[in-house]
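> how does the following fold in three dimensions:
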Amino acid sequence: KTVLRHASPCAPRSGPCGFDSLAPIFQAEFERAKADRRAIEERWLMDLRQFKGRYDPDTLKRIGARSKAFAKRTQTKVRTANARMMDLLFPSGGDRNYLITHTPNPTLPPVKLKALLKEMATALGLESPKQLDKKMVHEAVVDVAQKSAEAMMATIDDQLAEARYKRECKRVIASGNLYGTGVLKGPLVERKERTYYAVDKATGKWKISSEQYSAPFVEYTPLWRFYPDMSATDIEECRYVYEQHRMTRAAMVALSRRKSFDGQAIRDHIEANPDGCSTQDYVDTELLALGDRDAVRMIDAGLYDVLERWGWVTGRQLADAGVDVPADRFYEDFFCNAWVLPSDGKVLKLSINPLPGQRYPYHIYYLEQDETNIFGEGYATLLREDQIMLNTALRMMLDNAAKTSGPIYERNVRLMSPSSRSDNDMYPGKIIDRDGESPEMPALRVHQVDSRVNELSGIIDLFETYMDEDSTLPRYMTGSNPTDGAAATMGGLSMLMSASSIVLKDSVV
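Numbers count the residues shown, from 1 in each chain. Next comes the predicted model:
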């Protein structure tokens with residue numbers, strides 16, 4: 001049995017045991033989370049269509065043969081917000097967006113302080129460190145603390161660069177601005193292998209060497225694979241959070257080699273499903289269609305579905321799974337991390353209290369947090385009505401322009417010869433043969449449709465202004481050249497640009 005310790009309840013799995021009894025519980029939770037999230041997925045699909053400039057099938061059916069133009073203003077607003085936020089969070093020129101410094105009255109560990117005082121006394125030729133001036137000691141401690149802070153920043157810079165922190169944050173921000181929610185996972189620790197060239201002491205020649213080391217990592221978690229407890233409105237209130245991993249065979253093999261996983265269960269799963277074991281859900285089908293890949297099959301594509309669960313498990317459930325839980329702690333909840341093969345009902349790993357002092361490793365960025373939902377609202381949702389009105393006005397203008405680009409001809413075919421009836425082409429100098437007897441009746445009439453392009457263009461400008469106001473991202477932020485108002489001058493434009501960043505700074509904080 002795996003023992004649950006009272007002082008630090010942490011029991012990583014190290015081989016097969018009764019953890020599989022938890023698999024049905026976890027699978028039921030995951031299916032409930034999927035069902036509860038379905039309405040949100042529909043909204044995300046609408047957001048993605050709006051960003052890509054695609055109409056949904058019902059709208060296309062209503063439009064029929066008329067103009068299907070789509071003004072991609074939502075995409076412009078989202079990309080503008082992404083660029084502005086990245087500029088705020090990651091200043092150009094390599095400047096740090098964080099600072100580590102010593103406290104006004106720093107302290108050192110006793111051993112390190114004693115060594116420092118002894119070194120100072122020896123350098124000054126004093127018999128005892130007690131003879132040192134207090135101000136001098138304070139300055140020396142401050143200097144050591146500052147050097148330690150600088151060394152710590154250098155180490156952090158190296159770790160952030162290796163983890164590609166900026167790239168992952170960019171993807172989180174893009175997700176948050178589009179869908180309203182961006183998820184960053186980490187920092188967690190992973191084992192990596194480093195390959196380098198070194199001189200062989202025996203032969204004196206260069207050779208390839210490798211070593212394993214631990215390093216922190218952070219990664220962007222796509223919303224489509226993120227399934228929290230939908231009964232909560234904040235991640236800290238969730239009873240569980242699931243992340244669905246879609247892994248290749250190579251990734252599964254690498255997972256089987258990790259000591260904390262049930263490697264034999266993973267290998268058996270790969271052998272039983274050599275072409276992969278992945279289910280294609282409704283969302284997967286819709287995303288493939290939006291990406292012009294509607295003919296691609298996810299099933300038998302060499303991918304495997306694995307669930308990663310973070311959340312609470314009762315003491316009774318752990319005891320039933322083979323963990324040695326004292327009877328007086330059955331009523332308690334323990335925070336656990338579990339990995340599950342949903343198709344086989346296998347628990348590949350179970351860690352109790354894997355992150356002491358911390359709960360969920362997910363950090364959520366909201367553009368506009370909804371108090372009724374754990375997921376927020378992005379620019380696509382906030383600008384939905386404005387985008388619909390803008391598209392409607394644009395289609396009306398183009399349809400009107402198409403109808404008024406030339407006259408409409410009315411032909412009296414009873415007054416024409418058979419050869420003229422079959423000729424529908426119109427061009428200057430054309431001769432129309434006539435057979436009719438009524439000279440007062442024309443064989444051809446010309447009708448001119450009135451143009452409403454100017455009026456419709458004004459409506460489009462009005463809805464453009466609505467989008468500027470509702471998004472708080474005016475057009476001059478994307479390079480539009482204003483000719484009136486405060487934005488028409490260099491000083492006025494500078495003030496407006498500073499003011500427009502206030503809302504983005506609020507989202508960043």
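> for the stretch 101-250 of the chain, just list every one of the strands.
With strands called from DSSP state E, counting those that start in this stretch, the stretch 101-250 of the chain shows them at 181-199, 206-221, 226-228, 240-248.
> what ranges do the strands span in the chain?
With strands called from DSSP state E, the chain shows them at 2-3, 181-199, 206-221, 226-228, 240-248, 303-314, 323-324, 333-341, 346-352, 362-366, 408-411, 444-447.
> make a markdown table out of the ones you listed and add mean neighbour count.
In this view, the C-beta of every residue, glycine as well, is placed from N, C-alpha and C. Converted to a markdown table, these look like this (neighbours: other C-beta atoms under 10 Å):
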| stretch | mean neighbour count |
| --- | --- |
| strand 2-3 | 14 |
| strand 181-199 | 14 |
| strand 206-221 | 13 |
| strand 226-228 | 23 |
| strand 240-248 | 19 |
| strand 303-314 | 20 |
| strand 323-324 | 18 |
| strand 333-341 | 21 |
| strand 346-352 | 23 |
| strand 362-366 | 18 |
| strand 408-411 | 12 |
| strand 444-447 | 11 |
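> out of these, which is closest to residue 114?
In terms of C-beta to C-beta, the element of those nearest to residue 114 is strand 206-221, at 31.2 Å.
> avg pLDDT for that closest one?
Averaging pLDDT along strand 206-221 yields 89.
> who does that strand touch, helix- and strand-wise?
helix 134-162, helix 165-179, strand 181-199 (3 or more C-beta pairs under 8 Å, 6 or more residues apart in numbering; DSSP states H and E).
> quick one, which of those gets closest to residue 52.
Per C-beta to C-beta, nearest to residue 52 of the helices and strands packed on strand 206-221: helix 165-179, 10.3 Å.
> list the contacts of the closest one.
Applying C-beta atoms under 8 Å, 6 or more residues apart in numbering, the external contacts of helix 165-179 come out as 44, 47-48, 51, 78, 81-82, 85-86, 89-90, 160, 181-184, 218-220, 222-223, 365-367, 375-376, 378-380.
> distance-wise, check residue 216 relative to residue 188.
Residue 216 is 7 Å from residue 188, where distance means C-beta to C-beta, to the nearest Å.
> same thing with residue 44?
26 Å.
> can you check residue 321 too?
Taken as C-beta to C-beta, the span from residue 321 to residue 188 is 24 Å.
> between the strands of the chain, which gets nearest to residue 256?
Among these, strand 346-352 sits nearest to residue 256 (C-beta to C-beta), with 8.8 Å.
> which ones are touching residue 460?
Going by C-beta under 8 Å, 6+ apart, the list of residues near residue 460 reads 390, 393-394, 397.
> among the residues you listed, name the ones in helices.
Mapping those onto helices (DSSP state H) picks out 390, 393-394, 397.
> tabulate these (CSV), appending neighbour count.
Listed next are the ones in helices among the contacts of residue 460 as CSV, based on neighbours: other C-beta under 10 Å:
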residue, neighbour count
390, 23
393, 21
394, 20
397, 21
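> biggest separation within those, which pair?
Within the ones in helices among the contacts of residue 460, 390 and 397 form the most distant pair, 10.7 Å apart (C-beta to C-beta).
> ranges for the helices of the stretch 251-400 of the chain?
263-272, 282-290, 315-320, 379-382, 384-404 (DSSP state H, counting those that start in this stretch).
> okay, now the unreliable bits of the chain?
1-17, 295, 298, 436-437, 439, 476-503, 505-509 (pLDDT under 70).
> quick check: which of the strands of the stretch 101-250 of the chain is nearest to residue 272?
Residue 272 lies closest to strand 240-248 among those, at 15.4 Å (C-beta to C-beta).
> helices or strands up against that closest one?
Where contact means 3+ C-beta pairs under 8 Å, 6+ apart, strand 240-248 is packed against helix 23-36, strand 226-228, strand 303-314.
> what residues sit buried inside stretch 364-382?
Neighbour counts using 16 or more other C-beta atoms under 10 Å place 364-367, 369, 374-382 of stretch 364-382 among the buried residues.
> let's have the helices and strands packed on strand 240-248 in TSV, adding distance to residue 275.
TSV is the format used below for the helices and strands packed on strand 240-248 (distance: least, C-beta to C-beta, whole Å):
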stretch	distance to residue 275
helix 23-36	23
strand 226-228	26
strand 303-314	9
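> now for the ones you listed, which one comes closest to residue 141?
strand 303-314 (41.0 Å).
> what helices and strands are in contact with that closest one?
For strand 303-314, the packing partners by 3+ C-beta pairs under 8 Å, 6+ apart come out as helix 23-36, strand 240-248, helix 249-256, strand 333-341.
> 7 Å - rerun?
Packing partners of strand 303-314 (3 or more C-beta pairs under 7 Å, 6 or more residues apart in numbering; DSSP states H and E): helix 23-36, strand 240-248, strand 333-341.
> buried set for stretch 440-460?
Buried-residue list, stretch 440-460, by 16+ other C-beta under 10 Å: 443, 452, 456, 459-460.
> scratch that, stretch 128-148 is what I was asking about
So, applying 16+ other C-beta under 10 Å, buried residues of stretch 128-148: 129, 132, 140-141, 144-145.
> now do stretch 118-130
120-121, 129.
> these in helices, which ones?
Among the buried residues of stretch 118-130, the residues falling in helices (DSSP H) are 120-121.
> quick revisit: which one of the helices and strands packed on strand 303-314 lies nearest to residue 355?
Nearest of those to residue 355, taken as C-beta to C-beta: strand 333-341 at 8.0 Å.
> so in that sheet, which strands flank the closest one, and in what orientation?
Within its sheet, strand 333-341 is paired with strand 303-314 (antiparallel), strand 346-352 (antiparallel), according to DSSP bridges.
> angle of the shortest one against helix 263-272?
This points to strand 346-352. The directions of strand 346-352 and helix 263-272 differ by 150 degrees, with axes from the mean of the first three to the mean of the last three C-alpha atoms, to 10 degrees as the criterion.
> hmm, back to that, just the helices of the stretch 251-400 of the chain: most buried one?
Of these, the one with the most neighbours on average (mean count of other C-beta atoms under 10 Å) is helix 379-382, at a mean of 24.
> chain center to that one, what's the gap?
Mean-position distance between helix 379-382 and its chain equals 15 Å (C-alpha atoms, centre = their mean, to the nearest Å).
> contacts for it?
Outside helix 379-382, the residues that touch it by C-beta atoms under 7 Å, 6 or more residues apart in numbering are 43, 47, 50-51, 74, 77-78, 81, 177-178, 180, 367-368, 470-471.
> just to revisit the earlier point, so which of the buried residues of stretch 440-460 comes closest to residue 199?
residue 460 (70.2 Å).
> now that closest one: how far from residue 475?
On the measure of C-beta to C-beta, residue 460 and residue 475 end up 13 Å apart.
> likewise residue 446?
Taking C-beta to C-beta, one finds residue 446 at 41 Å from residue 475.
> and the closest residue to residue 82 other than its chain neighbours, how many neighbours does it have?
Here the nearest residue to residue 82 in space, its sequence neighbours aside, is residue 174; by C-beta to C-beta, 6 or more residues apart in numbering that works out to 5.3 Å. Other residues lying near residue 174 total 20 when counted by other C-beta atoms under 10 Å.
> what about residue 163, how many neighbours?
Residues near residue 163, counting by other C-beta under 10 Å, number 18.
> and if you look at residue 302?
By the criterion of other C-beta under 10 Å, residue 302 has 14 neighbours.
> my guess is it contacts residue 276, does it?
Yes - the criterion here is C-beta atoms under 7 Å, and residue 302 meets it with residue 276 at 4.4 Å.
> now for those two: what residues contact both?
The overlap between the contact sets of residue 302 and residue 276 (C-beta under 7 Å, 6+ apart) is empty.
> and residue 195, what does it touch?
So residue 195 contacts 208, 210 (C-beta under 7 Å, 6+ apart).
> now do 8 Å
208-210.
> same thing with residue 110?
Not one residue lies near residue 110 by C-beta under 8 Å, 6+ apart.
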